[in-house]
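Novice: Can you look at this prediction? I've put the sequence above it.
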Amino acid sequence: MNSFKRKKSKNNFFWIIGGGLLQVPLISEVKKLGYKVIVSDRDSSCACAKAADIFLKIDIFDVQKHLEEAFRLKCSGIKISGVLAAGIDATVTMAVLAKTLGLPGVDPIVAYITNNKDIFRKTLEKLGYPVPKFKVINTKNFNEVESAIEEVGYPLIVKNADSSGSRGTKIFYEKDLDGIKETIRSAMSVSRSRRALIEELWSGEEQTVETIFDVNGKFHPCFITDRMFDKSDGYAIETGLRHPTSLPVEKQKEMYSLVEKVARDLGVNIGAAKVDMMLTDKGPRIIEMTVRLSGGFDSQYLVPAATGKNVLRAAILTALGRPFSLELLEDRKHKIGFTASIWPKPGKIVAIEGVEKARKIPGFERLFFKYNIGDTVESYVDCTKRVCYVIVTGKDEVSAKESLQKVLDTIKIKTKRDSE
């Protein structure tokens, strides 16, 4: 039985799925609106556990357990007014929970389609949108890997079907059957459905396109952020973000238009529609889509720092069935923002220096450590292995980049291997 802290107040509760760093500003926004907060996460020591009015120790993907706890809470007199998963891939849990409780939310079928890369591609294909050539591999058809490679061709990319952070992802430019099979096994191991994709590799600059449908089904462009990657070793490692995008306005309009059309064709009529997009030589192409707000410290920290936009509040109000002011989506600061990471050598962290000095550098906004002294830095094979996130802003790109470089040069993370 999960224990929870019960307040005597009869105030309404808002349910946030996930309790990590990306949910911290969500809790703040919900409380500003006068609601108490339920947080569900399997880690009772997560960043949001103590800030929650009710904390439930549940895996974010355990739909059945969420429903059981929802019924228990309602029977105990708790009124739940909204449900939201933002910056975390628990969109199916969010959608089923909201529908069961009779709350505003996206159709669970749409959440399921967009949460599974292979099903999403098949759906887009049926709707007439361009998709990369791909083949789905699982334990039953693993012996078909060679024929799948021949059908897709090189260059290709292997990825998991339903997990995030580029886990189990690797690019292959030429024949490497053993390497591909090894990566497929890795991708299947991090996939909840134990499925992997062998996919044609598209080429181009990548962007995050964030949008939201309000309670009346009206589409609202929120922002576009440029994503930077290092793919030199075959791994798709996101090294940083630039906000707002450097793309011309007409190209941005084209991307927003594509997102709205695809979302409506899928059946999205309320809530977030976030797309990972690539600007290819044939125009914008959708890589992935989800019905939640972005992760990667984008909508939660980078965008507010650079523009003052409050997409989080817009999403919360929508989940409550309430309209939001367009002022929430206005750029009030007109700055340029960057996120980046520091990349120490793999090994145990023995010292972190220069943090306080870095915080005093003009343009410094935020610093988040995922690893601390005593933790072991692993090889950089996916985006979850980043040690920290740095966020800076400037009045223009030159000043923002200067501030970022100063911060990165100031912070020193020293590691040591066991053999040293």
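Specialist: Received, thanks.
Novice: Next, count neighbours for residue 308.
Specialist: 15 (other Cβ atoms under 10 Å). Backbone N, C-alpha and C define where each C-beta goes, glycine included.
Novice: do the same with the one 4 residues further on
Specialist: The local packing count at residue 312 equals 24, with neighbours defined by other Cβ under 10 Å.
Novice: Equivalent analysis for residue 231, please.
Specialist: Using other Cβ under 10 Å, residue 231 has 12 neighbouring residues.
Novice: List the contacts of it.
Specialist: 171, 237 (Cβ atoms under 8 Å, 6 or more residues apart in numbering).
Novice: so what's it scoring on pLDDT?
Specialist: At residue 231, the pLDDT value in this model is 92.
Novice: One more: residue 325?
Specialist: Here, the pLDDT recorded for residue 325 equals 98.
Novice: and if you look at residue 2?
Specialist: So residue 2 comes in at 46 (pLDDT).
Novice: Grab the nearest non-local neighbour of the residue nearest the centre of the chain.
Specialist: Nearest residue to the geometric centre of the chain (Cα atoms, centre = their mean): residue 295, 3.0 Å. Using Cβ to Cβ, 6 or more residues apart in numbering and skipping residues adjacent in sequence, the residue nearest residue 295 is residue 87, 4.1 Å away.
Novice: same question, residue 406
Specialist: Distance criterion Cβ to Cβ, 6+ apart; nearest residue to residue 406, sequence neighbours excluded, is residue 361 at 5.0 Å.
Novice: Over to residue 23?
Specialist: Leaving out its chain neighbours, the residue that sits closest to residue 23 by Cβ to Cβ, 6+ apart is residue 48, at 5.0 Å.
Novice: can I assume that neighbour sits in a helix?
Specialist: No: counting by DSSP: H, G, I helix; E, B strand; the rest coil, residue 48 is located in no helix; its state is coil.
Novice: for it, phi and psi?
Specialist: Main-chain dihedrals, residue 48, degrees, to the nearest 10: phi -100, psi 0.
Novice: likewise residue 202?
Specialist: The phi/psi pair for residue 202 (degrees, to the nearest 10) is phi -80, psi 160.
Novice: With residue 283 instead?
Specialist: Per-residue torsions, residue 283: phi 110, psi -180 (degrees, to the nearest 10).
Novice: How many neighbouring residues does the residue nearest to it when sequence neighbours are not counted have?
Specialist: In space, and not counting its chain neighbours, residue 283 is closest to residue 254: 7.4 Å by Cβ to Cβ, 6+ apart. If you count neighbours by other Cβ under 10 Å, residue 254 ends up with 15.
Novice: Sticking with residue 254, tell me its helix or strand.
Specialist: Following DSSP states H and E, one finds residue 254 within helix 249-266.
Novice: what packs against that helix?
Specialist: With contacts taken as 3 or more Cβ pairs under 8 Å, 6 or more residues apart in numbering; DSSP states H and E, helix 249-266 sits against helix 108-114, helix 117-127, strand 205-213, strand 219-230, strand 271-280, strand 283-290.
Novice: Isn't the residue nearest to residue 23 up against residue 19?
Specialist: Yes: using Cβ atoms under 8 Å, residue 48 is in contact with residue 19, at 3.6 Å.
Novice: Neighbour count: the two, which is higher?
Specialist: Shown here are residue 48 and residue 19; by other Cβ under 10 Å, residue 19 has more neighbours (29 against 22).
Novice: so what's the more buried one up against?
Specialist: 39-41, 43, 46-49, 52, 55.
Novice: Relative to residue 274, how far out is the residue nearest to residue 17 when sequence neighbours are not counted?
Specialist: Among residues not flanking residue 17 along the chain, residue 85 sits closest, at 4.1 Å (Cβ to Cβ, 6+ apart). The gap separating residue 85 from residue 274 is 12 Å, by Cβ to Cβ, to the nearest Å.
Novice: what touches both of the two?
Specialist: Common contacts of residue 85 and residue 274, defined by Cβ under 8 Å, 6+ apart, comprise residue 292.
Novice: Looking only at neighbour counts, state which of these two leads.
Specialist: residue 85 (31 against 27).
Novice: isn't that one right up against residue 96?
Specialist: No: in this structure residue 85 lies outside contact range of residue 96 using Cβ under 8 Å: 11.0 Å.
Novice: Can you verify my assumption that residue 206 contacts residue 275?
Specialist: No: in this structure, residue 206 is not within contact of residue 275 by Cβ under 8 Å, at 10.6 Å.
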